[in-house]
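*Asks:* My questions concern the predicted model and sequence given below.
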Amino acid sequence: MKRITVYRVLIIAGAVLLLELLCLIGIIDRLTMQPPHRIVRDLAVILTSGSLNSAILKTLTNASIALALALVAGIAAAVVLHRYKALRETLDPLFATYYAVPIFAFYPLLIILLGLGDAPQIMIGFMLGVVVVIVNTLNGLDRVPLVLKKTALIQRMRPIETALKVMLPYAAPYVLTGAKLAVAYSLIGIIGAEFIMSRGGMGYEISFAYNNFDNATMYPLILLILLVSIAVNGALSRWEKILLARRGQG
Amino acid sequence: MTDVVKSLRNPLILIVGLLVAWQLLYWFAGDIAMRAPAATIRYTANLLTTDTFWVHLSESMRAFAAALAIAVALGLLIGFWLGLHRFSGDVLEPTLVALYSIPKITLYPLVLLAFGLGMPAKIAFGAIHGIIPIALFTINALRNIKPILIKAGRVLKLSPPEMIRSVLFPAAVPEIFTGFRVGFSLTLIGTLLGEMFASQRGLGYLLMTAIGLHNVDQIMAVTFLLVVFAAAISTVLLTVDRWLHHRV
Amino acid sequence: MLELIAGLQQATQGVIEFEGRAIRGEIPDGVGVVFQEDACFPWMSVTVNIAFGVRNTTLSQAEKARRVRDVIDMMGLADFADSYPAQLSGGMRQRVCIARTLIREPRLILLDEPFGALDQQTRLLMGDEVLRLWRQTGATVVLITHALDEAAMLADRIAVMSARPGRVIDAVQTHWPRERDSRIVERDDFGAVTSRLWKSLRKESLKTIGRLPEPT
């Protein structure tokens, strides 16, 4: 293992051990937080007993749907905007200020429009994720060298073909950057919505556990979400690195 | 068309477009879901005259200012440390990136348990949203300084503090500012979310109670205010950002 | 090798001396360096960039201002004194870097392929500039270049270096008059110098691209 990786593992392990120590000694009391080893153990119990499986599945499924929608719509929108500059310039300020806006405020409105099912949550997750995909995909498309676009013209490729076979593949690493952020945002959207107006899912369970001082349920669930998002993010990062390395840009 | 008119035209078209879309959506969804633009603006104007509103507003502003100050201070500190000290940066930057990918709303109960209800929790929640992007952008800014500029500084015999002040910092400012801009937006959202769940005061609390009571007027008005505020400041920051990058 | 003279890197063997003192990992006094890449500070105007060259010296404000004015005039930058590097061409930006070096009145000027990024014709004209500055300042100039005609035109003495490991494989003395400029390429004996340079270098160049030279 490289020296850098060793150091990193040691530092993270050290931080966890410190947390464990502080909990066991009592500086961090049981009401505030469990010791890490208990959280891991409780997570194992929850997963094997399957008591919260439906909630976990609900949240992850909805987040995946929101993510998929954000990616498809975002990439398509970016390709269109890249082509029609006037439209892009008009929408630019919207994209730049989008993330300062509290999207969650639209949740009640969405419930009225879309009913009490899962649709409003997925919509929020989608709305949070789509712009970051658009912005990053546009960034990647901007970087496609003119010479590649000229080559496509000479090869008599039609616009959609060019977009799919030349421009998007070139922009792929940047699309992945957007995808990574969209993963986080779709999870935030779903879980946040579940916090606000709960009907089920991990957000609901965490909120319920919190209100009932049930740290044994709450912390493992939080840990599970952290692990899932770090894992997905890590996988996408690795893919991004491979793509960049192939082009000598890593 | 002169440049000034041109640069105003696009945002104006956007604003008009959004207002039209809003009105159309209102006609489709009806009074039970939302209010028309005109009604919202009237209600907002009314709201601004009430005393209680300003109490809530000042609460939010104080929390946001504190959260932003902490996010900037810690973000820059971490950013400079990991950006200038190569080895530390190589070890810890990936960890920062992984932390960035965590949906911080899940840490919410943790923050509440650690800080209790009220101002400290709001500030903490806001700050944790802003620290990491500011740090990451700063690290990137320092790493991407063209090595030729550092070589030039060395042959001009600059001392280390002079090097940081006259070469490293000015060269990194544009990217650091972008980090600040992103951190600003995220800290604002974070503080607001904190207020929605952890406070009896502030704009977030107003929004949350409005949602609970289904007070559509208030939901629309508070959201409208937040959007206008956030958009206005974001636009200013964006202009500064563009100017800084244009120079370099 | 230029970085060794400039003190930017350490020699593993042997000693480099400048004005009687060994150079050891520190940029010696009286040495100026111009790099191949654009080293203008983009956030400073032309004047501020050049003035930056003397910022940490012990000169009076008046003296610094005078030097800045003189060097700007010397380099023909008066019309661009308040422009920013982004607004200038590559050649102009190199002039700013040269000005920033000259303002310290160095006794040894190191130029590391300073015109590599410029087109051929601008190069020749910049060569004229270097010759003029050399005569005006009386400094010793060490210039590194890949261009045969540039070396032949500018130098009193040329050291030809081999491919890795770099060794001096030839030393050529041109015998040009001190008062010269790019029109020297018109001379009949100019070709003789470039021929000699290429004779030594051709083998080395073939080696670096992986082809062995034919036996002569």
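*Replies:* Received, thanks. Numbering: from 1, shown residues only, chains lettered A, B, ... in the order given.
*Asks:* CA atoms for contacts and neighbours, from now on please.
*Replies:* Fine.
*Asks:* burial measure for residue 72, as a count.
*Replies:* All of this is about chain A. 14 (other C-alpha atoms under 10 Å in any protein chain shown).
*Asks:* Switch to chain B, please.
*Replies:* 25.
*Asks:* hang on, it packs against residue B:129?
*Replies:* No: contact criterion C-alpha atoms under 8 Å: residue B:72 and residue B:129 do not qualify, at 11.0 Å.
*Asks:* Between these two, which contacts overlap?
*Replies:* Residues touching both residue B:72 and residue B:129 (C-alpha atoms under 8 Å, 6 or more residues apart in numbering or on different chains) are residue B:183.
*Asks:* Would you check how far apart residue C:138 and residue C:131 are?
*Replies:* 10 Å (C-alpha to C-alpha, to the nearest Å).
*Asks:* Give me the more crowded residue out of the two.
*Replies:* Comparing residue C:138 with residue C:131 by other C-alpha under 10 Å, the one with more neighbours is residue C:131, at 20 against 13.
*Asks:* do you know how far the more buried one is from residue A:17?
*Replies:* Residue C:131 is 68 Å from residue A:17, by C-alpha to C-alpha.
*Asks:* Contacts (any at all) between chain A and stretch B:194-207?
*Replies:* Yes: applying C-alpha under 8 Å from any C-alpha of the partner chain, one finds stretch B:194-207 in contact with chain A at residue B:207.
*Asks:* mind giving me the domain split of chain A?
*Replies:* Chain A breaks down into these domains under automatic domain parsing: A:1-33, A:39-246.
*Asks:* For stretch A:180-190, which outside residues touch it?
*Replies:* Contacts to stretch A:180-190, defined as C-alpha under 8 Å, 6+ apart, come from residues A:59-60, A:62-64, A:66-67, A:70-71, A:104, A:121-122, A:124-126, A:128-130, A:132-133, A:203, A:229, A:232-233, A:236-237, B:101-106.
*Asks:* ok, residue C:45 - how many residues close by?
*Replies:* Applying other C-alpha under 10 Å, we find 20 other residues in the vicinity of residue C:45.
*Asks:* okay, the closest residue to it other than its chain neighbours: pLDDT?
*Replies:* Closest residue in space to residue C:45, ignoring its immediate chain neighbours: residue C:84 at 4.5 Å, by C-alpha to C-alpha, 6 or more residues apart in numbering or on different chains. On pLDDT, residue C:84 comes in at 90.
*Asks:* Which secondary structure element is home to the residue nearest the centre of chain B?
*Replies:* By C-alpha atoms, centre = their mean, chain B has its centre lying nearest to residue B:185, at 1.5 Å. Taking DSSP states H and E as the definition, one finds residue B:185 inside helix B:169-198.
*Asks:* I'd like the average pLDDT over that helix.
*Replies:* Mean predicted lDDT for helix B:169-198 stands at 90.
*Asks:* How about that helix and chain C, touching?
*Replies:* Yes: residues of helix B:169-198 contacting chain C under C-alpha under 8 Å from any C-alpha: B:170-171.
*Asks:* any idea which helix or strand comes after that helix?
*Replies:* Toward the C-terminal end, the helix or strand that comes next after helix B:169-198 (DSSP H and E) is helix B:203-213.
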